[in-house]
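In: Task: produce atomic coordinates for the following.
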Amino acid sequence: MKKSGILNRHLAGAVAELGHGDGVLICDVGMPIPPGPRVVDLAFRAGVPSFAEVLEGLLDELVVEGATAAEEIREANPEAARILAGLPGLAHVPHEQLKELTASARLVVRTGEARPYANVLLRCGVFF
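Out: Residues are numbered from 1 along each chain as shown. From the prediction side, this is the model:
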């Protein structure tokens with residue numbers, strides 16, 4: 001049994017298949033999930049696992065070269081905005097545009113987060 005890193009076999013496998021430029025949407029329980037991408041639903045109950053926990057775990061596993069979040073996050077969810085502030089190439093767009101951009105994601109990871117706008121679209125980089 002794996003003793004560190006991502007233990008969820010569906011998520012570990014999906015992360016291993018990602019390549020340069022692929023999109024990964026980490027979203028709250030209210031974000032509409034587009035048809036098409038692989039979905040790993042981690043939601044157990046409201047707030048579990050949190051957006052912060054899932055993002056932290058994925059950042060340990062991924063190289064990220066860019067990120068996009070809803071501009072509404074700054075006022076509606078300042079805690080989540082602070083968590084995202086250190087991401088490379090972070091851009092903010094209107095929430096409706098973020099929902100449109102999620103159609104390009106290769107992987108969607110649904111958290112148990114129940115606070116508004118706790119969503120981010122990550123763009124994978126390379127480690128070399």
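In: which residues are contacting the longest strand anywhere in the chain?
Out: Using DSSP state E, we find that the single longest strand of the chain is strand 64-70. Identification of contacts with strand 64-70 by Cβ atoms under 8 Å, 6 or more residues apart in numbering yields 81, 84, 87-95, 98, 101, 117, 119-125. Where you see a C-beta, it was placed from the backbone N, CA and C, and this is true even at glycine.
In: Narrow the residues you listed to those that are buried.
Out: Buried by 16 or more other Cβ atoms under 10 Å: 81, 84, 87, 92-93, 95, 98, 101, 117, 119-125, out of the contacts of strand 64-70.
In: ok, back up a step: so which of the contacts of strand 64-70 belong to helices?
Out: Ala81, Leu84, His95, Leu98, Leu101 (DSSP state H).
In: nearest residue to the last one other than its sequence neighbours?
Out: Translated: Leu101. When the adjacent residues along the chain are set aside, Leu101 lies closest to Leu121, with 5.7 Å between them (Cβ to Cβ, 6 or more residues apart in numbering).
In: Any idea what that neighbour is bridged to?
Out: Beta-bridge pairing for Leu121 (DSSP bridges): Leu25, Thr68.
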